[in-house]
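>>> Take this sequence and fold it.
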Amino acid sequence: MEIILYFCKGCRDWARLDYVPKFVATEVWMLGYVSRHHPGICFLYIINSKSTTMTEEERLRYYYNEVKNVTAVCMSKMCWIRGEYPELEIGKTYNVTHIGVRRSCTFIKLAGFEKNEYNSTCFDIMENGVSIDGSIARDSRFLAPYLKRLYLRSNMVRVAIPDHLRDIEKEYNVKILLAVESGSRAWGFESDNSDWDVRFVYVHKPEWYIRIEEQRDVIEHVYEDNVDLAGWELRKTLALLKRSNPSLLEWFHSPIVYFMDDDFMKRINTVENEFFNPVGAMYHYNHIYNKHNERYLQREECNMKRFLYYLRGILACRWIEMYKTLPPVPFYQLVDATVDDADLRDKIDKLIKIKAYGDECDLHVVDFELKKYAEQWANYYNENVSKFRPEMNEKHTGKLDSILYDMVMKQLS
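Numbers count the residues shown, from 1 in each chain. Okay, here's the model as predicted:
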């Protein structure tokens, strides 16, 4: 199995890079924006422990865009990268089926030569009879899909989402203490058209807290660039922490952090384990996988997003039973720790790839063995969730009162 790791100079530790497909492990990249913990100071190293063969379908999805009304006139049969193309004829016009602009060059695929790929420098590329050689590398339509994903992610993480968060602070006169990604992008199995589910914790000015009438303690805003922002006020957040709300606890451990008040998170990190309730968490994830099974998975073909949500709920129950702690947010960590069978792990990884390069609504038939495995554990926890009674931590709510007071009073300065 290929392992993709990056070294974060901020964390001074290795972490697996879950959103880059494993079949790019022949390349070595250095990307400043990759680290989700300390953006801008991360160097990415890709380590190959065993090579895998990419199917032609995977290559097309990963490297190419399908095109119409594009032709290519062969100007040379000699490519400085790939050598000679003896099957081509100089001066002949070919129909182009796919184009992929990569980091250092552009490749095309020609009708009649589907198994081959050609460097565009050997051709005069035409669209509707007009040469596009001078603009093809700058046309976003032709950018290789894997680069589109990386560049989109970089722009959203660095520019668009931080701008939205600043707009929220200004419009509602609040201070954001934590802003993270949640859902499929945080878990590591998003699709190209997945929304950005940004979740945040905010605090008001002190005068907001001394009113007789209760005030709205939630901020919600959906933007046209598929960014869905939802935030909880600090007092509401701490009350949910007291009740061991699993969704909130996942926010605290999201691998994608847009903003973090260091003092706030240090205080949270010192108390969150004290308030974690494994019984409540077990019931939470048990409810999630049953809901998805009943609503979406009753047919042979099912939505990969829904099946992965279903499987994640089951594996989260396994983790809680094994470790009595909050399950890891990145799905690959959860799979590696709870699925012993290497073949099943590979099948799960294949599902993630299918979802990553498909549409959120695409339907597929889930592998029989994987579905059987999930059903067995789902039935097991349905029968045994009520028997799960581990020892509980003692809670000291005064620590949460102290966090609330200190964070509110900081807004006076």
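
>>> Okay, now the unreliable bits of this structure?
1-54, 81, 358-361 (pLDDT under 70).

>>> Domains in this protein, by residue range?
In terms of domains, the chain is parsed into 3-53, 65-143, 155-274+396-412, 279-387 (source: automatic domain parsing).

>>> Quickly find the element holding the spatially closest residue to residue 162 that is not a sequence neighbour.
Once flanking residues are discounted, residue 162 sits nearest to residue 258: 6.2 Å by CB to CB, 6 or more residues apart in numbering. For glycine as for every other residue, the C-beta is placed from the backbone atoms N, C-alpha and C. Counting by DSSP states H and E, the element that carries residue 258 is strand 257-260.

>>> same check, this time on residue 290
Per DSSP H and E: helix 278-296 holds residue 290.

>>> rewinding a little: any chance of the domains of the chain in CSV with mean neighbour count and distance to residue 149 as columns?
Compiled in CSV, the domains of the chain are given as follows (neighbours: other CB atoms under 10 Å; distance: least, CB to CB, whole Å):
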stretch, mean neighbour count, distance to residue 149
domain 3-53, 15, 8
domain 65-143, 15, 10
domain 155-274+396-412, 17, 7
domain 279-387, 17, 8
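
>>> Could I get these in JSON lines, plus columns for distance to residue 59?
Formatted as JSON lines, the domains of the chain follow (distance: least, CB to CB, whole Å):
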{"stretch": "domain 3-53", "distance to residue 59": "9"}
{"stretch": "domain 65-143", "distance to residue 59": "8"}
{"stretch": "domain 155-274+396-412", "distance to residue 59": "17"}
{"stretch": "domain 279-387", "distance to residue 59": "11"}
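
>>> Now do the contacts for the residue of the chain positioned farthest from its centre.
Relative to the C-alpha centroid of the chain, counting by CA atoms, centre = their mean, residue 91 is the outermost residue, at 45.8 Å. By CB atoms under 8 Å, 6 or more residues apart in numbering, residue 91 lies in contact with 73-74.

>>> So it: helix, strand or coil?
Following DSSP: H, G, I helix; E, B strand; the rest coil, residue 91 is assigned to coil.

>>> now residue 68
From three-state DSSP, the assignment for residue 68 is coil.

>>> where's it relative to residue 396, distance?
Residue 68 sits 66 Å away from residue 396, taking CB to CB, to the nearest Å as the criterion.

>>> secondary structure class for residue 113?
Per three-state DSSP, residue 113 ends up coil.

>>> for it, phi and psi?
Per-residue torsions, residue 113: phi -130, psi 50 (degrees, to the nearest 10).

>>> What residue, apart from its backbone neighbours, is nearest it spatially?
Per CB to CB, 6+ apart, closest to residue 113 is residue 87, 6.5 Å.

>>> And the helices in the stretch 1-150 of the chain, which stretches?
With DSSP state H, counting those that start in this stretch as the criterion, the stretch 1-150 of the chain has helices at 56-63, 145-155.

>>> Same check on the stretch 151-300 of the chain?
Going by DSSP H, counting those that start in this stretch, the stretch 151-300 of the chain shows helices at 161-172, 184-187, 234-242, 246-252, 262-275, 278-296.

>>> And these: which comes nearest residue 75?
Among those, helix 184-187 comes nearest to residue 75, with 43.1 Å by CB to CB.

>>> for the closest one, packing partners?
Using 3 or more CB pairs under 8 Å, 6 or more residues apart in numbering; DSSP states H and E, the elements in contact with helix 184-187 are strand 196-203, helix 304-323.

>>> Hmm, residue 378 is touching residue 289, no?
Yes. Applying CB atoms under 8 Å as the test, residue 378 and residue 289 come out as touching, 5.9 Å apart.

>>> hey, what's in contact with both of those two?
Counting by CB under 8 Å, 6+ apart, the contacts common to residue 378 and residue 289 are 310, 314.

>>> what's the helix holding residue 290 in contact with?
By CB under 8 Å, 6+ apart, the residues outside helix 278-296 that reach it are 243-244, 246, 249, 302-303, 306-307, 309-314, 316-317, 320-321, 324-327, 378, 381-382, 385, 388-390, 392.

>>> do stretch 93-113 as well
By CB under 8 Å, 6+ apart, stretch 93-113 touches 60, 63-67, 70-74, 81, 87-88, 114, 116-121, 123, 125, 136-137, 139, 142-145, 147.

>>> So the residue farthest from the centre of the chain versus residue 77, what's the distance?
The gap separating residue 91 from residue 77 is 11 Å, by CB to CB.

>>> Repeat that for residue 394.
Using CB to CB, residue 394 is found at 77 Å from residue 77.

>>> cool, and residue 176?
59 Å.

>>> With residue 147 instead?
28 Å.

>>> Repeat that for residue 370.
Distance, residue 370 to residue 77, using CB to CB: 47 Å.

>>> With residue 403 instead?
70 Å.

>>> Equivalent analysis for residue 106, please.
Using CB to CB, residue 106 is found at 17 Å from residue 77.

>>> tilt between the helix holding residue 290 and helix 304-323?
160 degrees (axes from the mean of the first three to the mean of the last three CA atoms, to 10 degrees).

>>> Residue 266: which of the helices and strands packed on helix 184-187 is closest?
Ranking the helices and strands packed on helix 184-187 by proximity to residue 266 (CB to CB) places strand 196-203 first, at 14.1 Å.

>>> Quickly run through the sheet partners of that closest one, with directions.
Partners of strand 196-203 in the sheet, by DSSP bridges, are strand 175-182 (antiparallel), strand 227-233 (parallel).
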